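**Student:** Build me a structure from this.
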Amino acid sequence: MGEFTEKQYILDSDYKRLDICLAQLTGESRSKCSRLIKEGFVSVNGNSKVEASLSVAKNDFIKVCAVSESTDRIKPVDMKLNILYENRWYAVVEKPAGISVHPGEGDECVTLVNGLLYSLDIEYENSDLRPGIVHRLDKDTSGVLIVGKKKEAIPVLKSLFKTRKVRKSYVSLSVGRPIENIYCVEKNIIRHPVTRYKMMVSEHEGRYAKSVLEVLKRYGNEFFCRINIETGRTHQIRVHMAYLGFPIIGDNVYGGKISRGYPISRQALHSQELGFFCPFEKEYKLFKVSPPDDFVNLYEYLERKQHC
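**Tutor:** Numbering: from 1, shown residues only. Reported below is the predicted structural model:
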């Protein structure tokens, strides 16, 4: 569906803004170029910590590393999705682990979007690679996901997330022996300067992120917890948990060897609840879905190990 590409440019004139320069060089929209810059896929003279407003000059060296996205119409695929709720404006679905939300996150042929187009009546243009997508979950994170069905509903729903009016609650099984029962992490998150698919905590740069961890049950060197997030940064929970020294079990990216060797093939992270005041139905909505079998099996494994 997409592949990683790298393009390099040496400027032959001055530009007032990097995003305008990039749009002219690549033929992409200015908004897409701004997104690539923000996500750290653009470097100027070897520096990837740049802003869209940066002035660039003649002989500057610009490199763009991103995912090329096909403009082919996305084909519906029957994934037998669990539709938790549906009205004329949006639907709430249970996202399975092991599948990306939309094209452009790797080289997969099938993403959740294919399944959504099969199961739901979503308004979209043929060139739209993210029809209905309002927010995302990591590929290997399971749980509740809201999907816009009407074009006019999508910006409204996105605004709820942007203005932090959506309650987002996850559960996790993690490694460690927390001393406290509650931890509040307010640490900015930025893309890793070397390993581009990773994120990291930054004291002064990046985007503000807040996560609140509540320990629910302990198993010696592991524990079960709830994590509420007030922001929705890329890999936020996984990065903050690793920062605390409590990596999520099965997270090979942020947990390293300490998170391996457990009976689960992905990070044990599940989006359990989403709640918000619905601007269409004028009432508060709360959606909840239990963790899938692999998460439950790991939970039961830790229960048995504790009593051995």
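
**Student:** Hmm, Tyr219 and Lys305 touching each other?
**Tutor:** Yes: between Lys305 and Tyr219 a contact is recorded at 6.9 Å, counting by CB atoms under 8 Å. In short, each C-beta sits where N, CA and C put it, glycine included.

**Student:** contact partners of whichever strand or helix holds Ala242?
**Tutor:** Under DSSP states H and E, the secondary-structure element containing Ala242 is helix 236-244. Applying CB atoms under 8 Å, 6 or more residues apart in numbering, the contact partners of helix 236-244 are 138, 170, 172, 174, 176, 178, 183, 185, 187, 189, 199-201, 209, 211, 213, 227, 229, 233, 247-248, 251, 253-255, 267, 269.

**Student:** what does stretch 271-287 give?
**Tutor:** Contacts for stretch 271-287 (CB under 8 Å, 6+ apart): 84-85, 87, 89-90, 92, 95, 137, 141-146, 153, 156, 160, 165-171, 226, 288-291.

**Student:** That stretch spans what distance, first to last residue?
**Tutor:** With CA to CA, to the nearest Å as the measure, stretch 271-287 spans 10 Å from end to end.

**Student:** Give me the distance between it and the centre of its chain.
**Tutor:** Centroid displacement of stretch 271-287 relative to its chain, using CA atoms, centre = their mean, to the nearest Å, is 20 Å.

**Student:** quick one: buried residues of that stretch?
**Tutor:** Residues of stretch 271-287 classed as buried under the neighbour-count rule (16 or more other CB atoms under 10 Å) are 271-274, 276, 285, 287.

**Student:** ditto for stretch 242-258
**Tutor:** Neighbour count says stretch 242-258 has 242-244, 246-251, 253-255 buried, by 16+ other CB under 10 Å.

**Student:** Give me the distance between it and the centre of its chain.
**Tutor:** Using CA atoms, centre = their mean, we find the averaged C-alpha position of stretch 242-258 to lie 17 Å away from the chain's own average C-alpha position.

**Student:** follow-up on the earlier one: just checking, which helix or strand succeeds the helix holding Ala242 along the chain?
**Tutor:** Moving on from helix 236-244 towards the C-terminus, the next helix or strand you reach (DSSP H and E) is strand 269-278.

**Student:** Compute the mean per-residue pLDDT across that next one, please.
**Tutor:** With pLDDT averaged residue by residue, strand 269-278 scores 97.

**Student:** picking up where we left off before, which of the contacts of stretch 271-287 count as buried?
**Tutor:** 84, 89-90, 92, 95, 137, 141-146, 153, 156, 160, 166, 168-171, 226, 289, 291.

**Student:** Counting neighbours, what do you get for the residue lying closest to Ile10 once chain neighbours are set aside?
**Tutor:** Excluding the flanking residues, the one nearest Ile10 by CB to CB, 6 or more residues apart in numbering is Phe61, at 5.6 Å. Applying other CB atoms under 10 Å, we find 13 other residues in the vicinity of Phe61.

**Student:** How about Lys38?
**Tutor:** Neighbourhood size, Lys38 [other CB under 10 Å]: 15.

**Student:** give the contact list for the residue nearest to it when sequence neighbours are not counted.
**Tutor:** Here the nearest residue to Lys38 in space, its sequence neighbours aside, is Ala52; by CB to CB, 6+ apart that works out to 7.0 Å. Shown in contact with Ala52 (CB under 8 Å, 6+ apart): 17-19, 33-34, 37-38.

**Student:** Out of the residues you listed, which is nearest to Glu300?
**Tutor:** Within the contacts of Ala52, proximity to Glu300 (CB to CB) peaks at Lys38, which comes in at 41.5 Å.

**Student:** Ramachandran coordinates for that closest one?
**Tutor:** The main-chain torsion angles of Lys38 are listed as degrees, to the nearest 10 and equal phi -60, psi -40.

**Student:** circling back to that earlier point, sort out which of the contacts of helix 236-244 are buried, if you could.
**Tutor:** With neighbours counted using 16+ other CB under 10 Å, the contacts of helix 236-244 contain these buried positions: 138, 170, 172, 174, 176, 178, 183, 185, 187, 189, 199-201, 209, 211, 213, 227, 229, 233, 247-248, 251, 253-255, 267, 269.
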